[in-house]
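return a 3D structure for these sequence lines:
(3 chains)
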Amino acid sequence: MKKLMVFLFLILVLVALPVLGACGAPPPAPATAATGDVKTLKIGSTLPFTNSLGIDTKKALEMIIPAFNKAGGLTVNGQKYNLDLVIYDDKYTADGGRAAVERLVNEDKVKFIICQVGSAPIVAGLSVTEPAKIPVFCGGASEKIIDPKMQYTYGTATWRTNLPPLFPLLKKAFPNAQTMVNLSPDDETGKALARDHANIATKLGIKVLDNIFYPRDTQDFAPFATKIMSLKPDIMDYPGAVAGTQFGLQFKALYEAGFKGAHISPMPPNMVEVLAVTPKESMEGLISILPSTEIPNPTAMAKQYKADWTAKYGGWSVASLTWIPAFYAFVEAVKKANSVDPEVVSAYISKNGLQWESPNGKGILVKRPDYKVDRFCDTVATLDFSLYKGGNFEYLGTISAEEALAANQTAFGGQWK
Amino acid sequence: MAKLPNKNAIGSRKKLIAIVLTAVVLLVLPLVIDSDYIKHLLIMSSLGAILAMTFSLLYSAGLITLGAAAFYAIGAYASTLLVMNAGFSFWLALPLVVLIAAVLALGFGSVFVRNAGVAFVIISLIFVQVVIIAAGQLEFLGGWGGIIGISRPDAIGPVQFTSKTAFYYLMLAVLLLVVLAFNALYSSRMGRVWRAIKLSPHLAGTLGINPYKYRLLAFVVGSTVAALAGCFYAHYSQIITPGAFGGWLSIYVQLYAVVGGLEYYILGPIIGAVLMTFVPEYLRIVKEIEPIITGALLLIIILFFPGGILGTIKNSKVDPFWNLKGKGRSDKTGFKETAEVGRG
Amino acid sequence: MSLGLFVQLLVNALTIGSIYILMVLGLDIILRGTKILNFAHGQLYMIGAYVMFLFFQMLHVNYIVSLLLAGIALAIVGALSYLGIFAILSKRFTVSTSFSYRLLLSAMASVGLMMILQQGTLLAFGTQERGIQSPFPQILDIFDVRISLLRVVIIILSVLVCLGLYLLMYKTSFGRLLRAVSYDPEAVTLQGVNAFWILVLCFALGSALAGLAGAIIAPLFSVTNQMGQNVIFLSFLVLLLGGIGSYRGTIIGGLLVGLLLSFGFQFLGGVAELFVFMLVIIILIIRPGGLLGEATE
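The predicted structure follows:
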């Protein structure tokens, strides 16, 4: 009998927990009522809490949004709104993303979703957000995001548009480079980008020797390096790599195997993580996007972003810069549409397109006729490039959003505006 | 209609009331609950419950499988390919998948079941990995990115399965069918033979029972039902990826059975699945320490309440409302079993 | 195939193989002694790597000392886990408890332990991936073959650990007791030996092996909280391939899997892993007890 009591007590605790949780959670409705004229706009995000992309983006959002609210929040039609952001862990997987988005849309009733990072969780979440007509501003690389069937989904990162501007620089730095191998993670992001990169490289006259895929959690890159060395490429490309520790392990394995060619990465490497596992020499010849905060004359917005980050977290990490434009695009869209109604906002974008300024520079939403999408869905943006040489990043130049647009139109064809 | 299990199953009025009450609650639930999220969790619970019931079925024959997810995945992929690529209707694909799964289960099972014990546990676990890697590596199965945009089951006449409420009722019906089928199995001669084999394969052998044959049958039945659940999963979630069937899914399935009550082959998995689906979700409020609490709860149940929830209630002499369990009767300690001869 | 490529692939295979061997020896010792199929083994391996990170990278302790500390720390974690969980659980089992019930419950308990260790480490060390600077960054360049010195060290260390284990198991009275307990705990108890503490040590020894494996491999890879989950499935595969209860089988199985993965990947690509799994299933059809084990039941 005593045992039963203990057991019933346990059950009671279990049942009580959610109830307590419901009480403990900030009650949203009274908050709006109490502050009177300021309303709350609920937005959501799902991020992987297990890799630096997700963690840094989470930190960035937790820094930007309170500051944004403090500075007056959103004013739409004379009504002030404070943003309330809910973030869940999507574990960087399809089911994790799907479950998290399901919860955001159906339980938390968010109106917009922003700044998601991984393609797998984003694509999985689309089967929830599209029928619910929730606009998603996200950074994923999968071309499924810009699928013609999608109506409310916008890719705000430059994954699909940053290679045409990059290749001329590569040709300049390595005039004799002829052959390339793609090394990508074996997931939605990697598959999509490897296809894209191989496509573009071929168009620009570089021979793609092989597309090699590794499981997302791979740590041992020696077998890959051995295989790559027997192919003898001039250029190594890493489409879809999470540019952190794993990036370092790839450099290290190639360095140990004796690779001496060029590396290209469309993502700025997280140097703290990379250098924790590999010597500096292994990164020689890396052409990558240079974070907009690290160029000779950064914009005021970029300077401010870095200063805020350093003040709040100490230290500095560039990983979040790739993903936060989604937030600025979302704010700009709501302001321009002059409404917080998700449908009005997406109707506005479909009609007028969108341009925004972020710490990364200017971003322009474009159509993708090459994917048969006649809807503003993808992004071209200001890009800064650098070459890693002698243990330092050497600034190669800045390509403006308009120049990037022109380069892409030439490479892929069609009218993008 | 399947034959009802025990001679006294429907005789008692109390039980009848309990059954009717449960049925009413389950039927009315979606009308009362507005949240699509809760409905989503209920649907996931019912899928988990079916999987856990297949685990219990194998356990009733003395086989511990960590491979429930393998046939779950096979079912999901087979039905997706049939519907999306070959253009079959969902309802036509369903029996085909069952057939495919049964054939595969017979083929693989005839090898796996040869070693009961630790080897079977590990083989079943490895088999899940084989299925996952195959799905990830083979391009026509969608690779690691999986397959998206899978259609919902086709409408039957005016009944659409697009809303969560409709799917909930669909899953309820499937669950009920599986419960009735398993119940019939457990009260048939087959169920008794399984339990005899579990208690002592050698003793059963002396009675002229071939343990291998009956265990293989259990494996085939369990795997086929798991594949059936997989079909519904694929068309419910509309996206399948190899990762979704990862090793931990099978382990969670066992948790359902253990938490609910290992010796209650039908009701145990259902209660365990519902509880273990909802509790971690609600524990999200404690965020980072959720897995620690779930793990600790699991340990507490295993260490101090090894009969699971139902076993504990039974032991405390409180009359369980519904005696729907495979076993004719359990002894007072709930869990003591006779030794397997020659293996301790 | 050139000789250089062959040597390169061989070294890759031996590095991975030796880590699996250490992991599986630990799994096997625990399984045979305490009859626990330890799902938390991967997490013990991960904690070993984190301990290495803590001592070697952050506190700058000597390399070998750090390795030993990782082994000792994991032995303690293992002993505490056994005392806190499995010892209590085993009290519920009597002679008449069926083997399958016993196996299931202890495996599930190890899953509970796994969740706690996994998330505990995550809370303690954060989600950040960690790197350990290689203590042997040199690259041996012999006849056009480039081999990282660290890989050679890893292989040598693994061999040393295996040798040490052999001496412990076959040349000391403790080893004899351990083997006796694995065989029949009742009989050992009847001899007047306290089997309980032998079992505690048995679990501790297995855990220490997992910790050592993690600590040895840590400078070669990065330290993440996912690393344990990735290694455990192949470990089970090697355990089954070699045959439960055969140390020689484990070593042969580990090497075989290492070689198949390394050479298979070079010539077949990612599908190689699938072939390895299929091959193991085929071997198990021919030899149900694994390469050198005996079929049970």
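
check contacts around C:Val238.
Neighbouring residues of C:Val238 by C-beta atoms under 8 Å, 6 or more residues apart in numbering or on different chains: C:Tyr20, C:Ile21, C:Met23, C:Val24, C:Thr250, C:Gly253, C:Gly254, C:Val257. Glycine gets a C-beta too; all of them are placed from N, C-alpha and C.

oh, that last question was meant for C:Leu22, not what I typed.
C:Ser158, C:Val161, C:Cys162, C:Leu209, C:Ala210, C:Leu212, C:Ala213, C:Ile216.

can you name the two of the residues you listed that are farthest apart?
Comparing every pair within the contacts of C:Leu22 by C-beta to C-beta identifies C:Cys162 and C:Ala210 as the most remote, at 14.2 Å.

up against chain C, what does the stretch 151-300 of chain B have?
Contact residues (C-beta under 8 Å from any C-beta of the partner chain) of the stretch 151-300 of chain B with chain C: B:198-199, B:201, B:247-248, B:251, B:254-255, B:258, B:262, B:288-292, B:294-296, B:298-299.

swap in chain A?
A:49-52, A:55, A:186, A:212-215, A:217, A:219-220, A:222-224, A:226-227, A:230, A:244-246, A:248-249, A:256-258, A:273, A:275-279.

buried ones among those residues?
Among these, those classed as buried by neighbour count (16 or more other C-beta atoms under 10 Å in any protein chain shown) are A:49-52, A:55, A:186, A:212-215, A:219-220, A:222-224, A:226-227, A:244-246, A:248-249, A:256-257, A:273, A:275-279.

show me these that map onto strands.
If you go by DSSP state E, these have A:Ile212, A:Phe213, A:Tyr214 in strands.

show me what the first one bridges to in the sheet.
Meaning A:Ile212. A:Leu183 (DSSP bridges).

how close does it sit to A:Glu256?
17 Å (C-beta to C-beta, to the nearest Å).

how about the last one?
Here A:Tyr214 is placed at a distance of 16 Å from A:Glu256 (C-beta to C-beta).

returning to that earlier point: out of C:Cys162 and C:Ala210, which sits in the busier spot?
It is C:Ala210, of C:Cys162 and C:Ala210, that has more neighbours when counted by other C-beta atoms under 10 Å in any protein chain shown, with 34 against 19.

hmm, C:Tyr45 and the more buried one touching each other?
Yes: at 4.5 Å, C:Ala210 counts as touching C:Tyr45 under the criterion of C-beta atoms under 8 Å.

got any residues that touch both of these two?
Joint contacts of C:Ala210 and C:Tyr45 (C-beta under 8 Å, 6+ apart) are C:Met23.

what segments of chain C are strands?
Secondary structure of chain C (DSSP E): strands at C:130-131, C:139-142, C:145-148, C:222-223.

CA atoms only: put stretch B:157-171 into PDB for me.
C-alpha atoms of stretch B:157-171 as PDB (Å, rounded to 0.1, in the frame of the first residue of the first chain):
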ATOM      1  CA  GLY B 157     -15.900   8.700 -50.100                       C
ATOM      2  CA  PRO B 158     -16.600  11.900 -48.300                       C
ATOM      3  CA  VAL B 159     -14.100  11.200 -45.500                       C
ATOM      4  CA  GLN B 160     -10.900  13.300 -45.900                       C
ATOM      5  CA  PHE B 161      -7.800  12.600 -43.900                       C
ATOM      6  CA  THR B 162      -6.200  16.000 -44.200                       C
ATOM      7  CA  SER B 163      -7.200  17.400 -40.800                       C
ATOM      8  CA  LYS B 164      -5.600  16.100 -37.600                       C
ATOM      9  CA  THR B 165      -9.000  15.200 -36.200                       C
ATOM     10  CA  ALA B 166      -9.700  12.900 -39.100                       C
ATOM     11  CA  PHE B 167      -6.300  11.300 -38.800                       C
ATOM     12  CA  TYR B 168      -6.800  10.800 -35.100                       C
ATOM     13  CA  TYR B 169     -10.000   8.800 -35.700                       C
ATOM     14  CA  LEU B 170      -8.200   6.900 -38.400                       C
ATOM     15  CA  MET B 171      -5.400   6.000 -36.000                       C
END
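
contacts for that stretch, please.
Against stretch B:157-171 from outside (C-beta under 8 Å, 6+ apart): B:29-30, B:36, B:39-40, B:42-43, B:46-47, B:152-155, B:232, B:235-236.

if you set the cut-off to 10 Å instead, what comes out?
A:102, A:106, A:131, B:26-27, B:29-31, B:33, B:35-40, B:42-47, B:49-50, B:90, B:151-156, B:229, B:232-233, B:235-236 (C-beta atoms under 10 Å, 6 or more residues apart in numbering or on different chains).

and for stretch B:28-40?
A:98-99, A:102-109, A:128, A:132, B:25, B:41-42, B:163-169, B:171-172, B:236-237, B:277-278, B:281.

how close does B:Ile38 get to B:Ser45?
10 Å.

more neighbours: which of these two?
Between B:Ile38 and B:Ser45, B:Ser45 has the larger neighbour count (other C-beta under 10 Å), namely 23 against 19.

please name the residues that touch that one.
B:Ser45 sits next to B:52, B:171, B:175, B:256, B:270-278 when contact means C-beta under 10 Å, 6+ apart.

want to throw those residues into CSV with neighbour count and secondary structure?
Converted to CSV, those look like this (neighbours: other C-beta atoms under 10 Å in any protein chain shown; DSSP: H, G, I helix; E, B strand; the rest coil):
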residue, neighbour count, secondary structure
B:Ala52, 31, helix
B:Met171, 23, helix
B:Leu175, 20, helix
B:Tyr256, 28, helix
B:Ile270, 23, helix
B:Ile271, 21, helix
B:Gly272, 31, helix
B:Ala273, 28, helix
B:Val274, 19, helix
B:Leu275, 19, helix
B:Met276, 23, helix
B:Thr277, 21, helix
B:Phe278, 18, helix
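
which residue does the stretch 101-250 of chain C bring closest to chain A?
In the stretch 101-250 of chain C, the residue that lies nearest chain A is C:Gly131 (3.0 Å; C-beta to the nearest C-beta).

that residue touches A:Asn270, doesn't it?
No: the pair C:Gly131 / A:Asn270 is not scored as a contact, 11.3 Å apart, by C-beta atoms under 10 Å.

which neighbours do these two have in common?
A:Gly244, A:Thr245, A:Gly248, A:Ala276.

tell me the pLDDT at the second one?
This points to A:Thr245. At A:Thr245, the model reports a pLDDT of 85.

just the buried members of the contacts of stretch B:157-171?
A:102, A:106, B:26, B:30, B:36-40, B:42-47, B:49-50, B:90, B:152-153, B:229, B:232-233, B:235-236.

among those residues, name the ones in helices.
Judged by DSSP state H, helices contain the following of these: A:102, A:106, B:26, B:30, B:36-40, B:42-47, B:49-50, B:90, B:229, B:232-233, B:235-236.

and the residue of the stretch 1-150 of chain A found nearest chain C, what does it touch?
Closest residue of the stretch 1-150 of chain A to chain C, C-beta to the nearest C-beta: A:Thr50 (5.0 Å). By C-beta under 10 Å, 6+ apart, the residues touching A:Thr50 are A:Asp89, A:Asp90, A:Lys91, A:Tyr92, A:Gly96, C:Leu122, C:Thr127, C:Gln128, C:Glu129, C:Thr224, C:Asn225, C:Gln226.

TSV for the strands of chain C, including distance to B:Ala134, mean neighbour count and mean pLDDT?
Shown next, in TSV, are the strands of chain C (distance: least, C-beta to C-beta, whole Å; neighbours: other C-beta atoms under 10 Å in any protein chain shown; pLDDT from 0 to 100):
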stretch	distance to B:Ala134	mean neighbour count	mean pLDDT
strand C:130-131	33	24	86
strand C:139-142	37	12	83
strand C:145-148	33	20	85
strand C:222-223	28	27	90
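
okay if I get the ones you listed as TSV plus distance to C:Leu240?
Shown next, in TSV, are the strands of chain C (distance: least, C-beta to C-beta, whole Å):
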stretch	distance to C:Leu240
strand C:130-131	32
strand C:139-142	35
strand C:145-148	31
strand C:222-223	28
